[in-house]
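# Build me a model from this:
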Amino acid sequence: MLLIARKALALAHNKTIRLTTREVHCLSSILASPPLVSLDLPENWVPYSHPPSPVAFEGEHKTVVIDGKAIAEEIRTKIVSEVWKMKNDVGKVPGLAVVLVGEQRDSQTYVRNKIKACEETGIKSVLAELPEDCTEGEIISVLKKFNEDTSIHGVLVQLPLPQHLDEAKILNMVRLEKDVDGFHPLNMGNLAMRGREPLFVSCTPKGCVELLIRAGVELAGKNAVVIGRSNIVGLPMSLLLQRYDATVSTVHAFSKDPEHITKEADIVVAAAGVPNLVRGSWLKPGAVVIDVGTCPVEDSSCEQGYRLVGDVCYEEALGVASAITPVPGGVGPMTIAMLLCNTLDAAKRTSL
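Next up is the predicted model:
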């Protein structure tokens, strides 16, 4: 009986994951990034007849600031159009459910921004708030309710969770086809495997790649360094860049000489959560820098008493990097835009 159940579960997962080429292409038509399976080219190694010459940079040069806020707004405008089209065609709109545990200020701010973004794009949103000392059973009960609700197409659990809770167990309870955060092991596994298309890619890495593509940055064959290896950003970011045929290195807390490793990179994605970790001396002249970090630093001159800085020392990177994302206004708005996009895609799948 257990074997039959496992086979049935596997069939259900395969039915969900294995989309036709037409279905894959019709889902995120509003993004510039193509379906991942279209990037899986044969891996034929061709040795250099002559080593490529290094590119020389003389002195400081102009650094392009990649405006994530403007790009996210452009994507959200297209999402509004798609949501209204869905409402007129099938009489429903995408629905997103958010589970918030505790009263951590950062999490409350992130959730508030997500709910506001849903309202502005016509996506239905539902928020379930639970106390800091709630049990795993109480969270799982809420998730089961959202899993069965046909008006909810995306479910996310705001991280981090209180330490007494089993994060992996809770995230695994989100139904695969509603895992718009892209944290389910099957979504992560399909991201890692060539020839597979995950139902959802984690929102922040997906937004980073969208920024790179729209900024005209070539990924194939480039040396990319991802600083940080969290399950939320660092790991899926590394996997996603590999799917785009970049040569990827990961720098983490145990890396020897991280400055030297990073300075070899054409593309640097900083996602360590350490303010001003990456100095100008870490960067190769002309590198493209995506700064995922958002760290509050005390500043009495600011109205809130603090200002937000990234993992990259922005002032030092200017004049060294060829392009960089600012903090705030870079990756943050794109993360929310990708969440909306994933929720829209989840709703579209139920209509195919």
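# Pass me the low-pLDDT residue ranges in the stretch 51-200 of the chain, would you?
51-61 (pLDDT under 70).
# Show me where it has its strands.
When assigned using DSSP state E, counting those that start in this stretch, the strands of the stretch 51-200 of the chain occupy the ranges 64-65, 95-101, 124-130, 154-157.
# Just checking: what are the partner strands of the first one?
Strands adjacent to strand 64-65 in the sheet, as given by DSSP bridges, are strand 323-324 (parallel).
# Now do the contacts for the residue nearest to Met173 when sequence neighbours are not counted.
Spatial nearest neighbour of Met173, chain neighbours left out: Leu143 (4.7 Å); criterion: CB to CB, 6 or more residues apart in numbering. Heads up, the C-betas are built off the backbone N, CA and C, glycines and all. Residues in contact with Leu143 (CB atoms under 8 Å, 6 or more residues apart in numbering) are 99, 155, 157, 170, 173-174.
# cutoff 10 Å now
Shown in contact with Leu143 (CB atoms under 10 Å, 6 or more residues apart in numbering): 97, 99, 128, 155, 157, 170-175, 178.
# Filter those residues down to the buried ones, PyMOL style.
With 16 or more other CB atoms under 10 Å as the criterion, this PyMOL line picks the buried residues out of the contacts of Leu143:
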select buried, resi 97+99+128+155+157+170+171+172+173+174+178
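# Is it possible to get a markdown table of the contacts of Leu143 that adds distance to Ser300?
Shown next, in a markdown table, are the contacts of Leu143 (distance: CB to CB, whole Å):
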| residue | distance to Ser300 |
| --- | --- |
| Ala97 | 39 |
| Val99 | 36 |
| Ala128 | 37 |
| Val155 | 41 |
| Val157 | 36 |
| Ile170 | 39 |
| Leu171 | 39 |
| Asn172 | 44 |
| Met173 | 44 |
| Val174 | 42 |
| Arg175 | 47 |
| Lys178 | 44 |
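# which of the contacts of Leu143 sit farthest apart?
Maximum pairwise distance among these (CB to CB): 17.8 Å, between Ala128 and Asn172.
# between the strands of the stretch 51-200 of the chain, which gets nearest to Val269?
So among these, strand 64-65 is nearest, using CB to CB, at 16.4 Å.
# So what touches the closest one?
215-216, 288, 314, 318, 321-326, 329-330.
# buried subset of these?
215, 288, 314, 321-326, 329-330.
# List the buried residues for stretch 121-132?
121-126, 128, 130.
# actually stretch 240-260, not the one I wrote
240-251, 255, 258.
# again, but for stretch 192-207
192, 196-207.
# ok, the residue positioned nearest the centre of the chain - contacts?
With distances taken as CA atoms, centre = their mean, the residue of the chain nearest its centroid is Thr204 (2.1 Å). Residues in contact with Thr204 (CB under 10 Å, 6+ apart) are 181-182, 230, 232-234, 236-237, 269, 271, 290, 292, 331-332, 334-336, 338-339.
# All good on my end, thank you.
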